[in-house]
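Asks: Using only what follows, build the 3D model:
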Amino acid sequence: MTDADYEKRIKDAAENIPVPKSLEPQQVETRLKQTTVKPRRPRGRRAAWAAAACLFLILAAGTGTALHFSMRDSGTSIAVPEKNVQKQEETAMDRSAYTTTYKEVSRQINACNKTRLYEKDKENVYESYNSSSGTKKASGMQMGEATNAAESEQDIAASGGSATEDFSDTDTQVDGVMEGDIVKTDGQHIFALKNTLTGYAVAIYQVDGPEVTKLTNVKVKNGTCREMYIENSRLILISSDWETANSSKNSPRSKLDDEAIVDMSYAGTGSVSIYLYDISDPSSPKEQGHLTQDGLFATSRLTDGCLYTFTNYQTYETDCDPEKPKRFVPCLNGEVIAEDHIILMDKKRTNSYMVMTSLSLDKPEDFADHIAALGGSEVYYMSNENIYMVKENWDDTYDSCRSTISKYSYKDGLFDFTASAEIRGNIEDSYYMHEYEGNFIFVYTRYKKNGSTTNGLGIMNKKLELQGELSGLGNDEEIYSSYYIENMAYFVTYRETDPVFAVDISNPKKPKLMSELKLPGFSSYLHSFGEGLLLGVGEGEKRNVKLSLFSIEDTKDVTQIAKQELAQETYSIAGENHRAVFVDEERSLVGLSIASWHGKNRYFVYEYKDGKFHPVLSRTLESDRIEDIRGLRIGEYFYLVDVEQGVKVYDINTWKKAD
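Replies: Numbers count the residues shown, from 1 in each chain. This next block holds a predicted model:
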């Protein structure tokens, strides 16, 4: 059967599907008249996709799974037997209690794809792919301490420089869980990932105080390089390739007959390549390993010597044969994922997987562990012990949303499924989630039938059973940022004012609203800024970048103690990508690049001193892409890195140019 035959068959079936009453022209017109236009959000992520999905995706009832479900007040949970995980070997887990079969997977995918409107789904896949930037919009974040140790004396001598452990690192959500970025440092070198005329490359610079020397470029072999890490004299690159999984001669799918695939170029089956380099001699990096993982890149983390990579894989195969799993099951290093590593997360028909892998940097020849969860995932949060994944489940009228939360524990690169639950509402961002004293805390938005919204905070125990909830916060407003400090949760909603909510989460059964501060504008980025202080970066009343500093010493009375308004019609990506912001709490410094609609882009560093923000550095940027700019500190020098233009150095004691 050809692609055209598949398309015609699906379209013919779709013509007989009745239009929901809520989507009739008169109903749509009525709802539009009731809708209030909201201010521009700098961080919109899935609204367009969800709107299209509600119009064109027909959701069908499930056909059963290999898992046992039990209904609770907090939603649907997967009950895992106590014997669920036993070690078979040091590198393998017994997942028989919750894994599924190729037969069940094929049934779910066939049922899903045969009822979908094929052409519109292709558009959704393109939109998903084009919006996948490898960076998460940031709502709140915690400053991660520098975790990279200095190289050994022998390595330092070989590279011809002097290293320091006193340097800033990429801003992270969880201390000890590193996040990838386009600029990294080990205290002795700066690594900058850039897009050149011939593809992506990493420029390696040796730095010694004010002196910066370019050593070499590491060229990425193919694809779009998303991010990188530096760990223990290793450079790790993560690159996305849309075509590799479908057209590469090394791919198992390239060996299948044409009839086996329903236009797989639209199917979201791109792949991710992970490259590892030995940079003991930074002037001459040596490739150590190359692994591939099917799916579009979602995010990654690195902790305790293991790299964790997450991708989303989607297939449009409509005639899945359990005997030929390579047609509809993702692959790792060209080999199809086995049944005992596949989990079916819920009863909803689906054609997408969440694929997660772990890679020990000490054994880069193969993945340490992996899981493919049919049902997919959209938002990821990783604590020091657990991984939480969230998938939205909209109804066909886009009136309400439920979210499935899945929890996995991890240790030494091995995964263990723990629990799953469904909640009413939407957890839109990874920074809306937190783990405190073993409990899972999240802020959510709930949608009502009349088009209005409300927000709240929920607390679940280790089994993802709801313990306590605080609802009805910021009605008809949207959550813009969130931040957690010990037993306190802070989050910002916005419509006409900027409420900053402070919630005490120390009692999981009774979260308590302590304070609500209302200000004009909004903060799309929150960050601790020293003892008793919370920094906010957002938008002011004149569509300009605004810095706000809040005193949180008195949890019952959060107050704004300082603010800095930048010029009108300016914009920052702080709310979209927290990694682009430089924060030095010890020195009370914050740095960020600013785009201007009426002039040159600039990079600012502000120092908070004597109750005010003082600009200590202001430099015009040569680049039009503020997302390519990073600031970092090594010792007593500040390095302004433009991945396209190079590195500029400033003495932080005088803030004069030093190079």
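
Asks: CA atoms for contacts and neighbours, from now on please.
Replies: Will do.

Asks: Can you give me the separation between the residue nearest to residue 354 when sequence neighbours are not counted and residue 389?
Replies: Sequence neighbours aside, residue 376 is the residue nearest to residue 354 in space, at 4.2 Å (criterion: Cα to Cα, 6 or more residues apart in numbering). Using Cα to Cα, to the nearest Å, residue 376 is found at 9 Å from residue 389.

Asks: Can you give the contact residues for the helix or strand containing residue 293?
Replies: Element membership for residue 293, per DSSP states H and E: strand 286-294. Residues from elsewhere that reach strand 286-294, judged by Cα atoms under 8 Å, 6 or more residues apart in numbering: 245, 269-279, 311, 313, 330-334, 355, 364-366.

Asks: 7 Å instead?
Replies: Applying Cα atoms under 7 Å, 6 or more residues apart in numbering, the external contacts of strand 286-294 come out as 245, 269-279, 313, 330-333, 364-365.

Asks: Compute the distance between residue 412 and residue 205, please.
Replies: For residue 412, the distance to residue 205 - Cα to Cα - is 32 Å.

Asks: hang on, the earlier thing: pull out the buried residues from the strand holding residue 293.
Replies: 286, 288, 289, 290, 291, 292, 293, 294 (16 or more other Cα atoms under 10 Å).

Asks: I'd like to know which of these is nearest to residue 232.
Replies: residue 288 (13.3 Å; Cα to Cα).

Asks: distance of the closest one from residue 395?
Replies: 47 Å.

Asks: and what of residue 424?
Replies: For residue 424 relative to residue 395 (Cα to Cα), the value is 12 Å.

Asks: Please enumerate the shared neighbours of the two.
Replies: In contact with both residue 424 and residue 395: residue 401, using Cα under 7 Å, 6+ apart.

Asks: Could you check whatever helix or strand residue 190 lives in and say which residues are buried?
Replies: Under the criterion of DSSP H and E, residue 190 resides in strand 189-196. If you call a residue buried by 16+ other Cα under 10 Å, then strand 189-196 has these buried ones: 189, 190, 191, 192, 193, 194.

Asks: again with stretch 649-659
Replies: 649, 650, 651, 652, 658.

Asks: what's downstream of the strand holding residue 293, the next helix or strand?
Replies: Trace forward from strand 286-294 with DSSP H and E and the next one is strand 296-303.

Asks: which strands and helices sit next to that following strand?
Replies: Applying 3 or more Cα pairs under 7 Å, 6 or more residues apart in numbering; DSSP states H and E, one finds that strand 296-303 makes contact with strand 271-278, strand 306-314.

Asks: on that earlier part again, with secondary structure, distance to residue 213 and pLDDT added, can I get the buried residues of stretch 649-659 in a markdown table?
Replies: As requested, the buried residues of stretch 649-659 are exported to a markdown table (DSSP: H, G, I helix; E, B strand; the rest coil; distance: Cα to Cα, whole Å; pLDDT from 0 to 100):
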| residue | secondary structure | distance to residue 213 | pLDDT |
| --- | --- | --- | --- |
| 649 | strand | 12 | 97 |
| 650 | strand | 15 | 98 |
| 651 | strand | 17 | 97 |
| 652 | coil | 20 | 96 |
| 658 | coil | 14 | 91 |
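
Asks: Kindly reformat the residues you listed as CSV containing distance to residue 507.
Replies: Listed next are the buried residues of stretch 649-659 as CSV, based on distance: Cα to Cα, whole Å:
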residue, distance to residue 507
649, 48
650, 47
651, 46
652, 43
658, 51
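
Asks: List the residue ranges of the stretch 101-250 of the chain that fall below the pLDDT cut-off.
Replies: Counting by pLDDT under 70, the stretch 101-250 of the chain shows low-confidence ranges at 116-164, 242-250.

Asks: what about the strands in the stretch 501-650 of the chain?
Replies: 512-517, 522-528, 533-539, 545-551, 559-565, 570-571, 582-584, 589-596, 602-609, 612-620, 629-634, 637-642, 646-651 (DSSP state E, counting those that start in this stretch).

Asks: I'd like these written out as CSV, with distance to residue 471 added.
Replies: As requested, those are exported to CSV (distance: least, Cα to Cα, whole Å):
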stretch, distance to residue 471
strand 512-517, 10
strand 522-528, 21
strand 533-539, 24
strand 545-551, 24
strand 559-565, 23
strand 570-571, 32
strand 582-584, 32
strand 589-596, 33
strand 602-609, 35
strand 612-620, 35
strand 629-634, 38
strand 637-642, 43
strand 646-651, 48
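
Asks: ranking those by burial, who's on top?
Replies: strand 522-528 (a mean of 28; mean count of other Cα atoms under 10 Å).

Asks: what's the angle from it to strand 533-539?
Replies: 150 degrees (axes from the mean of the first three to the mean of the last three Cα atoms, to 10 degrees).

Asks: Name all residues that make contact with residue 585.
Replies: Residue 585 touches 529, 530, counting by Cα under 7 Å, 6+ apart.

Asks: Backbone dihedrals for it, both of them.
Replies: phi -60, psi -40 (degrees, to the nearest 10).

Asks: And residue 107, by the same measure?
Replies: phi -60, psi -40.

Asks: Quick check: PyMOL command selecting the buried ones in the contacts of strand 286-294.
Replies: Command for PyMOL that selects the buried part of the contacts of strand 286-294, burial taken from 16+ other Cα under 10 Å:
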select buried, resi 245+269+270+271+272+273+274+275+276+277+278+279+313+330+331+332+333+364
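
Asks: and residue 174, helix, strand or coil?
Replies: Taking DSSP: H, G, I helix; E, B strand; the rest coil as the rule, one finds residue 174 in the coil state.

Asks: any idea how far it lies from residue 530?
Replies: In terms of Cα to Cα, residue 174 sits 17 Å off from residue 530.

Asks: the more surrounded of the two?
Replies: With neighbours defined as other Cα atoms under 10 Å, residue 174 and residue 530 compare such that residue 174 has more, 20 against 13.

Asks: okay but that one is in contact with residue 383, surely?
Replies: Yes - between residue 174 and residue 383 there is a contact under Cα atoms under 7 Å: 6.4 Å.

Asks: pLDDT of stretch 304-316, averaged?
Replies: What stretch 304-316 shows for mean pLDDT is 94.

Asks: ugh, wrong one, stretch 426-446
Replies: Regarding stretch 426-446, the rounded mean pLDDT is 94.

Asks: Buried residues, that stretch. List them.
Replies: Quick answer for stretch 426-446 (16+ other Cα under 10 Å): 426-436, 439-446.

Asks: Just the terminal-to-terminal distance for that stretch.
Replies: 6 Å.

Asks: ok, residues contacting that stretch?
Replies: 138-141, 379-381, 383, 392, 401-403, 424-425, 453-462, 482.
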